[in-house]
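# can you look at this prediction? I've put the sequence above it.
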Amino acid sequence: MEHLADEAVRSRPRRRWTARLTVGVAVLFAAGTAVRAGGLESGALLVPLVSFTPYFAVAALVVLGVAIGTRTRAAIAVMLAVCACLAWSVVPRAVAASGSAEGRPLRVLTANLNGGRGDAQTIVDLVRRLDVDVLSLQELTFSARDRLAAAGLAGLLPYEVTKPDTRGPVGSGVYARYPLRERTGVFQPVGHRMPVAEVALPGGPAVEVVVVHPVAPVPSTVPEWEAGVGTLPPAPSSGAPRILAGDFNATLDHAVFRRLLGTGYTDAAAATGQGLVPTWPMRRFPPLVAIDHVLTDGRAGAVGVQIHDVPGSDHRALFADLRVRPA
């Protein structure tokens, strides 16, 4: 009996330290959740970290399990609140919205060519197989444009508004099955080239397509990145329906991106239950985060989304099957 009593005395400090550690970890998770929920991320550290909110949510479940196992009531209470908040933020993008979109079909494919290194034949094969109407390309170079033409893109999408560059991430372009008219003055791009074009869809008014590609939020460019996303044109309530398609360098967890959605856009992948499918990076690591998007205003919606690998690119291509209602 004396031995058992001594063991109980020795175990009390261990339990106290375990409880304190568990509570400390719970407080850290609560702080991280507050940053995400309040849109408080800023700077070169928090902006990239917020991209990993879905993984943070999984880790929170593990911590909740540990808190339950150690019977640490304070930590259990904190982690229940954390998990509820994160679930509210993350789970809806994995659940398809009820109902079906109606209107004219518009099949959109967006792909980042990684400084022109993305395989042109793969892009053309995707356009052909998916019966694409509009192709949005980022990091388009002159040589990539020539390879796309040689692979037969012009025979599938004969109209284009392209602004390529010699090399690097600056160039962009849009190709279409139907006549295009370049629009100017819609917004002032901050970042790389972001052309805007009206697509003359048959059977109704034109649809406006914006090729999106702000700079990446690396330490030296976080303010420019935030300005690039923040100055994208808001969802219109009249005129031509507007679609934003491209590499946003932002996830559904970034506050600046959520503010853009708040103007009236819907993310096609999230609306079809594909919002957690990652699109970047695709080189040394498996893809981890979803930064490529197709957004529609309130007069269009997605009935399906697919993600496809593109050899030579560090991004996966995103295909959205849309339905556009009359303006």
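Looks like it came in fine. Residues are numbered from 1 along each chain as shown.
# use CA for all of it now, contacts and neighbours both
Fine.
# strands along the stretch 201-327 of the chain, start to end?
207-212, 242-247, 266-267, 292-296, 300-308, 317-324 (DSSP state E, counting those that start in this stretch).
# and those as a markdown table, adding mean neighbour count?
Listed next are the strands of the stretch 201-327 of the chain as a markdown table, based on neighbours: other C-alpha atoms under 10 Å:
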| stretch | mean neighbour count |
| --- | --- |
| strand 207-212 | 25 |
| strand 242-247 | 28 |
| strand 266-267 | 22 |
| strand 292-296 | 27 |
| strand 300-308 | 21 |
| strand 317-324 | 24 |
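# dump those strands to CSV, plus mean pLDDT.
Shown next, in CSV, are the strands of the stretch 201-327 of the chain (pLDDT from 0 to 100):
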stretch, mean pLDDT
strand 207-212, 98
strand 242-247, 98
strand 266-267, 98
strand 292-296, 98
strand 300-308, 97
strand 317-324, 97
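# for residue 45, see how far away residue 218 is.
The gap separating residue 218 from residue 45 is 9 Å, by C-alpha to C-alpha, to the nearest Å.
# returning to that earlier point: switch the strands of the stretch 201-327 of the chain over to JSON lines; also include distance to residue 136.
Output for the strands of the stretch 201-327 of the chain, formatted as JSON lines (distance: least, C-alpha to C-alpha, whole Å):
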{"stretch": "strand 207-212", "distance to residue 136": "6"}
{"stretch": "strand 242-247", "distance to residue 136": "6"}
{"stretch": "strand 266-267", "distance to residue 136": "16"}
{"stretch": "strand 292-296", "distance to residue 136": "10"}
{"stretch": "strand 300-308", "distance to residue 136": "14"}
{"stretch": "strand 317-324", "distance to residue 136": "10"}
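# nearest to residue 231, of the ones you listed?
strand 207-212 (11.0 Å; C-alpha to C-alpha).
# quick check: angle from the closest one to strand 317-324?
Orientation of strand 207-212 against strand 317-324 (axes from the mean of the first three to the mean of the last three C-alpha atoms, to 10 degrees) gives an angle of 160 degrees.
# export strand 207-212 as PDB, just CAs?
Extracted C-alpha coordinates of strand 207-212, given in PDB (Å, rounded to 0.1, in the frame of the first residue of the first chain):
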ATOM      1  CA  VAL A 207     -19.600  36.900 -70.900                       C
ATOM      2  CA  GLU A 208     -16.600  38.800 -69.500                       C
ATOM      3  CA  VAL A 209     -13.500  36.700 -68.600                       C
ATOM      4  CA  VAL A 210     -10.600  38.000 -66.500                       C
ATOM      5  CA  VAL A 211      -7.300  36.200 -66.500                       C
ATOM      6  CA  VAL A 212      -6.100  36.400 -62.900                       C
END
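# so what touches it?
136-138, 172-174, 194-201, 240-248 (C-alpha atoms under 8 Å, 6 or more residues apart in numbering).
# same question for stretch 156-176.
Stretch 156-176 is contacted from outside by 114-116, 127-128, 133-143, 145, 177-182, 191-195, 197, 199, 211, using C-alpha under 8 Å, 6+ apart.
# just the buried residues of those.
Burial by neighbour count, judged by 16 or more other C-alpha atoms under 10 Å, picks out 114-116, 127-128, 133-142, 145, 177-180, 191-195, 197, 199, 211 from those.
# out of these, which sit inside helices?
The helices, defined by DSSP state H, take in 127, 128, 142, 145 from these.
# could those go into a markdown table alongside distance to residue 71 and pLDDT?
Converted to a markdown table, those look like this (distance: C-alpha to C-alpha, whole Å; pLDDT from 0 to 100):
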| residue | distance to residue 71 | pLDDT |
| --- | --- | --- |
| 127 | 56 | 98 |
| 128 | 58 | 98 |
| 142 | 63 | 98 |
| 145 | 62 | 98 |
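# in these, find the pair that's most separated.
Across these (C-alpha to C-alpha), the longest gap, 22.0 Å, separates 128 and 142.
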